[in-house]
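Novice: Take this sequence and fold it.
(chains A, B and C)
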Amino acid sequence: MLKTRTIRSGLALAITVALVGTLAACSSGDSSGGDDKSLEVWTRSGPEAAASYQPVFDAFTKKTGIKIDYKPILEFDTQLQARAGQKDLPDVLINDAGSLGNYVSQGFLLPIDKSSIEGSDQIADKTWDENRGTDGKYYGVPWSRQAAVTIIRKDWREKLGLPVPKTWDDLSALGEAFATQDPDGDGVADTYGMVVAGSAQSGYALRWAASYLFQAGGGLLKYNGDGTYKSVVNSPEAATAVEWMRKQFCTPGVVVPGSINLTTADTPFFGQGTAGISLTGPYNISTFEANVGADNVEVIPMPAGPGGGVTSLAEGENIYFGASSKKTDLQKQLAEFLITPEAQELAMKVTTNEAGVVSQPVVRIPVNKTVDVAAVTGDPRWTVAADAYNDSENFPYAIDFLPFRQIAADELNAMLSDCNSDIPAGLKKIDDGFVAELKNQNLSQ
Amino acid sequence: MTTLSNGPAVSVERPRPSTGMAERPPQRRRRFTRRSLIPWLFLVPGLLLGVIFKFGPMIEGIRMSFVKVQPFLGDEFIGLDNYVKVLSDQRFLDALAHTVVLGGGQAIGALILGTGLALLLEGSSRRLWFVRTAVFLPVVTAVAVVGEIWRILLFPTESGFINSILGMVGIQAQGFLSDPNTSLGYVMAVGIWISAPYNMVIILAGLAGIDRALYESAAVDGVTTWQRLRYIVFPALRPALSVVLTLAAIRSLRIFTEVFVLTGGGPAGSTEVWMTRVFSLGFKGNDLGVASAASVLLLVATLVLTVSVRMVSNRKERAR
Amino acid sequence: MSAIHEQPLKAAKRLRTDGQFDSALGWKPGWRASNLLRLVLCIVVFFIFAAPFVLIASGAFDAAADSTALHLFPSQPSLEPMNVATGRGVWGYFLNSLVIVGGGLVLQISIAILTSYALARHRFRGQSFVLLLFLLTMMLPEEIIAIPLSQVLGDVGGLGINLRGTPWGVILPIAVWGFSILLMTEFMKEIPLEIEEAARLDGVGELRMLWTIILPLCKPVLGVVTIFGFMMIWDQYLLPLIAANDPSDYTLTVALSVLRADAQVGSGVLLFGALLALLPSLLIYLLMQKSLIRGITSGATKG
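Specialist: Numbering: from 1, shown residues only, chains lettered A, B, ... in the order given. Below you'll find the predicted structure:
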């Protein structure tokens, strides 16, 4: 008996020693040298978008011999913060254009000398100008642009014999028809109209509402031209827009029930065949096709708002240079390659990789003027998407827009969740919040 | 007073000072004896790892609450500005009220339900084993998935699962999580559903430790079930209940995941709790200083609550 | 002390004919009203707690799983969700999780045992403060600790040790867990002093005392600490994220959120991932359940 005990405690000791030993062994950590010909590149993407980036980077490596250590990262900002804490950012980051102001304010990015980037003249000046920080310097090389489009279940619409919606009222009526007239013909009332991520988290409510706000003639922040901004959110036009949006939420079935609490990850309704109208980026065309069939996905020109406005929310992705990187020349080479027609076209292709992942195009509307969307995709729906981008408006990229986004989304969520909400008071609250935040960021006149 | 009230109290009784050390003669209490070093030797591994991976980062987190965090530009000391920003945000104050209601309600609900489940399901038969396993399922399932399932069950139309059950008994369709007036209540219900099985397991472990002879002697004395619970079971469950209550104190104020996956704090901020606000303002807004300040406030509140709970449960212990 | 209940104890021996002393409420076998009530309650409880799981399991093998409608049985039974999930590399993430949970649990429980032995069976200055210190580790939201911790992981203690991309980056930070220390301490305090004193008179040393006398008496609580420790490590989300050097270092829990955001895979794939993620915890729970039921204190004092 005593023997077993000794053996046991000996064993415990051995385990402890082994643990410590292994720990010491892995201390010979991997330090990434600064002189090698490789770049660590992060993109904010899931597997589908990663499948689209990979061939582009492969082509770059083949051409230049520069290795790409590619990491598709979904929780981009969490992991970026973790790396920032160590003052060791990736060499190149490809992420939302909307992050520019925030990253600049934290010192994450290196300024870019536009004139030294080969091919920079193939990108429209307007696109370049979006990438200026508040100090007037460029902080990102444009990579892709897009605007929200309205995507509709064509087979449902045709089954119910309804025309392509041309106005907000048409769209509303179509949504109600999808909810009440059983477009999938299964005899059960299990279909709905619009897919909306209405949660205030991460500003989703605003991301959906912004297009309708613009279409009604409303706005958020107006640039004064001298480095300052003005809040223009509290307007009768905005009130009209919010009222219409609230009506969609308050008419049973037009918006998928429960949407007020949902984020985009919770709203797979279009792909699942439970809802037939989606206001989303054109990158979802391929995903939706894979889910509900290629012929059933229809991209329509934006239904016009009360004053005939069809402006939708524009977004984009930029190539950023991490501030801690010493590989300036390699960064530049990668950016120069990424804006060539070759790379842009490669990133627009929908392919299926060996793991069975259908890629999601990561260049949506190419920034390179010489690339023709219609010619590359051969798909008229992408022409509609390109037209939508031509009449679009974006959140200001230069400033740290995240606090504004949160303020607006919080109040929008509140106004949309209650069918008797006081809309003028809600807009006033957003306005007050905007004014205070402008002051806080030293952006008010 | 029945004989029972003394009987079990004595036999469940354990040495008050907890160890044999206290009964040693006082002259042995020199400052650094070998004996007094022994407990510290046992504490070394835990304290060492704690200092490196917990306390160090924690102190750094507290420091962040006094600065504008910007690793690449150099942190800028701004005193209490982050705290002012938190305490002057109306949504934070609303969130505080929701947190207290939700955390308190959920803790009490889960304690009662957990105790009830443990009492109902204690026993060694195969069927009980089966039901106990089923009850434990919410605990082993990823909270994000559980949240999704409940959102579907609580689908706010007549065809929704729970609404259709309510419809059968003539209750009209509820808005559940999408109605700002009821959302907090349903989040609480789901929270209780998730955490009650945790408590059940801890309390089961407590029940398992009760001396069976006490039940036998109680039976001989012919006591009622209630007396048995009151004088044998609950006193013997003290360590288990103390753990459950301490954990509730630590967890209730930082309630986050359930809320985040069920409603994200909406609709209209009706389920916004302290941590969801920290999340959207601090982390999604990349303002780590504000997030840290809000978290330090939470830490202080939690600490006060925990110490109070420990003091109450220790006093009860002494009173026995 | 023992003399007090010696009398009733003898009397009770005669009564010990059925299982009525197995439970706190004194459930008795046989057909009676209380058992009927218990049966009904058990059925209700079973459905309330198990139904969502059945929905997950059914969705995991349903090619047409849908996030707005629920089925108790797959509407199109298929292994497709599993195949898609395999294509997304879930088994690799599963393996990462197993490695981390294996190492982490051994270390976490060892630390909890050593620490709580000191806290429960010894008396020293600053005792309750030390316990509070360990509890404190649970109080600051991990999101706040995450950023400074990621610095530590890149350079442990300023020694140039980089734990990123290794399982140690997750294992070491979760080794100290206030919950297991609290639970072990509270329950270890309950062990009667006489047992320890008898051993001490036999000249048993501290380590052996812990290993052979105290620990065997802590079985129920060790079971609880194992279950919850396992799940605590298994469910870690933020830590594996910041300790990862590359997406291939992700654990299954992190991968689940990637699957959730993946519009191309249906709900079935996510549910399959969720099912896969809950099975190990369930298995551990089943293995540990026995230790929750047996009354041990009584047996120990007598034996």
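
Novice: Angles on the backbone of the nearest residue to residue A:242 once chain neighbours are set aside, please.
Specialist: Closest residue in space to residue A:242, ignoring its immediate chain neighbours: residue A:423 at 5.1 Å, by CB to CB, 6 or more residues apart in numbering or on different chains. Every C-beta, even on glycine, is put in place using the N, C-alpha and C of the backbone. Dihedral pair for residue A:423: phi -70, psi -50, per degrees, to the nearest 10.

Novice: Roughly how far does residue A:423 sit from residue A:368?
Specialist: Per CB to CB, to the nearest Å, residue A:423 is found 42 Å from residue A:368.

Novice: Between these two, which has more neighbouring residues?
Specialist: More neighbours surround residue A:368 than the other of residue A:423 and residue A:368, with 22 against 18 (other CB atoms under 10 Å in any protein chain shown).

Novice: So, low pLDDT: which residues of the stretch 1-150 of chain A?
Specialist: Flagging of the stretch 1-150 of chain A using pLDDT under 70 yields the residue ranges A:1-35.

Novice: near chain B, which residues of it show up?
Specialist: A:77-78, A:81, A:84-85, A:87, A:102, A:105-108 (CB under 8 Å from any CB of the partner chain).

Novice: Out of those, which sit inside helices?
Specialist: A:77-78, A:81, A:84-85, A:102, A:105 (DSSP state H).

Novice: Do you have the strands of the stretch 201-320 of chain B handy? List them.
Specialist: Here the stretch 201-320 of chain B has no strands by DSSP state E, counting those that start in this stretch.

Novice: Kindly report the same for the stretch 201-350 of chain A.
Specialist: In the stretch 201-350 of chain A, the strands defined using DSSP E, counting those that start in this stretch lie at A:221-223, A:229-231, A:275-280, A:297-300, A:312-321.

Novice: What residue, apart from its backbone neighbours, is nearest residue B:277 spatially?
Specialist: Counting by CB to CB, 6+ apart, residue B:277 lies nearest to residue B:95, which is 4.5 Å off, once chain neighbours are set aside.

Novice: so what's that neighbour up against?
Specialist: B:265, B:269, B:272-274, B:276-277 (CB atoms under 8 Å, 6 or more residues apart in numbering or on different chains).

Novice: among these, which are in helices?
Specialist: Judged by DSSP H, helices contain the following of these: B:274, B:276-277.

Novice: which of the residues you listed count as buried?
Specialist: Buried residues within these, counting neighbours by 16 or more other CB atoms under 10 Å in any protein chain shown: B:274, B:276-277.

Novice: could those be laid out in JSON lines, adding pLDDT?
Specialist: Converted to JSON lines, those look like this (pLDDT from 0 to 100):
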{"residue": "B:274", "pLDDT": "93"}
{"residue": "B:276", "pLDDT": "91"}
{"residue": "B:277", "pLDDT": "90"}
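
Novice: Rebuild the residues you listed as TSV, extending it with distance to residue B:148.
Specialist: Output for these, formatted as TSV (distance: CB to CB, whole Å):
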residue	distance to residue B:148
B:274	24
B:276	17
B:277	23
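
Novice: ok, those vs chain C, which is closest?
Specialist: The shortest approach to chain C among those belongs to residue B:274, at 9.3 Å (CB to the nearest CB).

Novice: and that closest one, what does it touch?
Specialist: B:92, B:95-96, B:99, B:253-254, B:294, B:298.

Novice: who wins for neighbours among these?
Specialist: With neighbours taken as other CB under 10 Å, the top of those is residue B:294, carrying 28 neighbours.
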